[in-house]
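In: Have a look; sequence and predicted model below, questions after that.
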Amino acid sequence: QVQLVESGGGLVQPGGSLRLSCAASGSISSINVMGWYRQAPGKQRELVARITSGGITNYADSVKGRFTISRDNAKNMVLLQMTSLKAEDTAVYYCNADIIGGGGGSFSLRNYWGQGTQVTVSS
């Protein structure tokens, strides 16, 4: 069973920083794209940033220059460093990954989501 577990959310003042972490565990053969999405109350889930296994990144325009995504392939982890946080960054942040996993000689590519971690930016 493959799962993604996030950590690092919390309450921070405007202008502050937070770092989110996501670790993939289970029977994993390889991980392709890893990313972070967020969903604010009353809004649709949106892409924040994603990174390929080769390190190519892309970001939502709203976070460019403030957020940095990185990954540790050896540890099956993806990180999101968030700086200069704004009230509009408040949301539940979800880790997402395309993972080839399985076992018993049978592997398949699936998309996985973490359970989400709350980020609140408020004074």
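Out: Thanks, I have it.
In: what's near enough to touch the nearest residue to residue 52 once chain neighbours are set aside?
Out: Excluding its sequence neighbours, the residue lying closest to residue 52 (CB to CB, 6 or more residues apart in numbering) is residue 33, at 5.5 Å. The way it works is simple: take the backbone N, C-alpha and C, and place the C-beta from them, glycine included. Residue 33 makes contact with 50-53, 97-98, according to CB atoms under 8 Å, 6 or more residues apart in numbering.
In: if we go to 10 Å?
Out: Residue 33 makes contact with 50-53, 56, 58, 71, 78, 96-99, 111, according to CB atoms under 10 Å, 6 or more residues apart in numbering.
In: ok, now residue 121?
Out: Counting by CB under 10 Å, 6+ apart, residue 121 touches 11-16, 18, 82, 85-91.
In: switch the cut-off to 8 Å
Out: Residue 121 touches 11-14, 16, 85-90, counting by CB under 8 Å, 6+ apart.
In: Which ones among these lie within strands?
Out: Among the contacts of residue 121, the members found in strands (DSSP state E) are 11-12.
In: For the contacts of residue 121, name the two members farthest from one another.
Out: 11 and 88 (15.3 Å; CB to CB).
In: all helices of the protein, in order?
Out: In the chain, no helices are defined using DSSP state H.
In: Of the contacts of residue 33, which pair is most distant in space?
Out: Farthest-apart pair in the contacts of residue 33 is 58 and 99; separation 19.3 Å (CB to CB).
In: Let's have the contacts of residue 33 in CSV, adding pLDDT and distance to residue 6.
Out: Listed next are those as CSV, based on pLDDT from 0 to 100; distance: CB to CB, whole Å:
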residue, pLDDT, distance to residue 6
50, 98, 15
51, 98, 15
52, 97, 20
53, 94, 19
56, 98, 22
58, 97, 20
71, 97, 14
78, 98, 9
96, 98, 10
97, 98, 11
98, 97, 17
99, 96, 15
111, 96, 16
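In: Thanks a lot, catch you later.
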